[in-house]
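**Q** what's the 3D shape of this:
(chains A and B)
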Number of protein chains: 2
Amino acid sequence: MSILVVGSVAFDNIATPSGKAENVLGGSATYFSLAASYFTDVRVVAVVGEDFTAEHENILRKRGVDTRGIEHAKGKTFRWGGQYLENLNEAKTDFTELNVFEKFQPRIPAGYQDSSVLFLGNIHPSLQAAVRLEMPDVKLTGGDTMNFWITGANAELRETLRLVNILLINDGEAKMLAKESNLPRAAQKVLALGPQALVIKHGEYGATIFFREGAFGIGTHPFRAPALPIDEVKDPTGAGDSFAGGFMGYIASQEEINREVIKRALFYGGVMGSFAVERFGTERLQSLTRGEIDARFQVFRELTHLE
Amino acid sequence: MSILVVGSVAFDNIATPSGKAENVLGGSATYFSLAASYFTDVRVVAVVGEDFTAEHENILRKRGVDTRGIEHAKGKTFRWGGQYLENLNEAKTDFTELNVFEKFQPRIPAGYQDSSVLFLGNIHPSLQAAVRLEMPDVKLTGGDTMNFWITGANAELRETLRLVNILLINDGEAKMLAKESNLPRAAQKVLALGPQALVIKHGEYGATIFFREGAFGIGTHPFRAPALPIDEVKDPTGAGDSFAGGFMGYIASQEEINREVIKRALFYGGVMGSFAVERFGTERLQSLTRGEIDARFQVFRELTHLE
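**A** Numbers count the residues shown, from 1 in each chain, chains lettered A, B, ... in the order given. Predicted structure coming up:
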């Protein structure tokens, strides 16, 4: 099944304890697409400026990503600069230049209408909702959000959450959205807002999925996938989007959604996130093989597997 | 195989978002003993004051814990008061009264000499080393420590670490001890100080065990056990000691140490930690059944198990 992702394409300036990189291609749609491309067909809806060249587009096209939905607008592409200090889970933003992203109105090419799975990357909740409503036939919708929208566009976000089947956010976002510091209780409150399932990403500790009563007909027991302890995290940027790409991509590659598929998807999410952080920007995600991915999947599985 | 534990017995005043409790029996040796008592015979070496009554001792004895090694000294038992705010992983200490603990010189009853497994609870590293040297025949030694000793008795701690087979500490302690913020790299540095294996406890995210080359002849791949997401954490006090009790207790109950035993022990550690936090003090650890423990072990297993 094809996945359509709507999100940001950006150029990032990144500083981490391992080094620096400037003007590297990034953005939620970019990381998501590359990660998902190892599992299924991916189509992107995003906006870029005049500084986004054919060379940049080729990074996506080489991975078979359908870029017809990338709108080329006058001006500069969205730019973000940030640094990670000792705590690699948290970025300190140096600057955000929205540029062409400021007036982004997602337009979905006619050829994308038969997409079965939709992923609403981290953009304004009203835009997420608009995209979802333009895709009435999708079978499964995943979504992301962040503290900026939780506080700044809460009412719109709540509307969007009614349209999302699986929400993927991190611990801090889940607690903020639910106004509840206990994670399982926070999960129940978020699920009450609409999603059938909630994936909470724990960074280096993996991720847990919680289910609403009756969701997908697969029971309500939570499931947790570990993350591989990585010797060197070079650049955490995009880890969450890469996780989402692996998770949604694997689900889209399967005939049906059952408990085992969702469990494996959670592991694949962790696998793709762990690859993403090994190099700056999207470098590692550009040249993986399915063999490398499945080998790491087995390492993850062994990491917690009891006979 | 019998376990001998040396550590603290204390009376705690605890405040958490769920409530308050005063003068509840606590201390590392207490939590450890109760948790380990569901797996094997446990013997305690500790010191208490005149405020420690037969009723308190009965809490341990009812669980079959051998209390002959608890020395009754003149004065008051060690007392600690602390509170947990929204972040339940971190206690704010209100007061520490060492009392009889200040001059604690562990004395090991002759009847304890045949103990096969030793656990050095969180006391001064020099006392830990002295106990270990008085028990030349133990087959396996586990140990704990904390930031207070890492900074305040670093040289002594390094001596002790050469005598410990398995060290159990949390993320922050591992990073502080190794002076390294990346967890797998921190683990390697700690293992270079002596232990064959290092268990790093991640609170609600479970625990990971790292192995030194050649340790126990079972390979060097790390293993991670998740923690159950708990709906209500009433009181995190003693979670780490209860983890250690479940982990060491399960190992002591087995004929030999192999990879599968250590993996299961890591799960049992998480199980006992998760029970400990459900009630204030040691209440929940006093009245468990092995059936309840094994049922939760299965829930933990299912939490991350792929077919």
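
**Q** what packs against the one helix or strand residue A:132 maps to?
**A** Under the criterion of DSSP states H and E, residue A:132 resides in helix A:125-134. Applying 3 or more CB pairs under 8 Å, 6 or more residues apart in numbering or on different chains; DSSP states H and E, we find helix A:125-134 packed against strand A:3-6, strand A:117-120, helix A:154-161. Glycine gets a C-beta too; all of them are placed from N, C-alpha and C.

**Q** for the ones you listed, which one sits closest to chain B?
**A** helix A:154-161 (20.7 Å; CB to the nearest CB).

**Q** Which element is encountered next along the chain beyond that closest one?
**A** The first helix or strand that comes after helix A:154-161 along the chain, using DSSP H and E, is strand A:166-170.

**Q** and the direction of the helix or strand that that following strand is followed by versus that of helix A:154-161, what angle?
**A** Downstream of strand A:166-170, the first helix or strand assigned by DSSP H and E is helix A:171-178. Per axes from the mean of the first three to the mean of the last three CA atoms, to 10 degrees, the angle that helix A:171-178 makes with helix A:154-161 is 100 degrees.

**Q** on that earlier part again, turn the helices and strands packed on helix A:125-134 into a markdown table, columns for mean pLDDT.
**A** Output for these, formatted as a markdown table (pLDDT from 0 to 100):
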| stretch | mean pLDDT |
| --- | --- |
| strand A:3-6 | 98 |
| strand A:117-120 | 98 |
| helix A:154-161 | 98 |
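
**Q** For the ones you listed, please prepare JSON lines with the additional fields distance to residue B:13 and mean neighbour count.
**A** Shown next, in JSON lines, are those (distance: least, CB to CB, whole Å; neighbours: other CB atoms under 10 Å in any protein chain shown):
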{"stretch": "strand A:3-6", "distance to residue B:13": "53", "mean neighbour count": "29"}
{"stretch": "strand A:117-120", "distance to residue B:13": "49", "mean neighbour count": "30"}
{"stretch": "helix A:154-161", "distance to residue B:13": "39", "mean neighbour count": "17"}
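
**Q** Save these as JSON lines, and put in distance to residue A:171 too.
**A** Converted to JSON lines, those look like this (distance: least, CB to CB, whole Å):
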{"stretch": "strand A:3-6", "distance to residue A:171": "23"}
{"stretch": "strand A:117-120", "distance to residue A:171": "20"}
{"stretch": "helix A:154-161", "distance to residue A:171": "18"}
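
**Q** Let me know the secondary structure of residue A:193.
**A** coil (DSSP: H, G, I helix; E, B strand; the rest coil).

**Q** Got the phi and psi for it?
**A** phi -80, psi -10 (degrees, to the nearest 10).

**Q** Likewise for the one 5 residues further on?
**A** The phi/psi pair for residue A:198 (degrees, to the nearest 10) reads phi -130, psi 120.

**Q** what's the answer for residue A:291, then?
**A** Dihedral angles (degrees, to the nearest 10) for residue A:291: phi -60, psi -50.

**Q** Repeat that for residue A:204.
**A** phi -70, psi -10.

**Q** How about it, nearest residue that isn't a chain neighbour?
**A** residue A:227 (5.3 Å; CB to CB, 6 or more residues apart in numbering or on different chains).

**Q** Tally up the residues packed near the residue in the stretch 201-307 of chain A positioned nearest to chain B, please.
**A** Proximity of the stretch 201-307 of chain A to chain B (CB to the nearest CB) peaks at residue A:205, 3.7 Å away. Residue A:205: 25 surrounding residues under other CB atoms under 10 Å in any protein chain shown.
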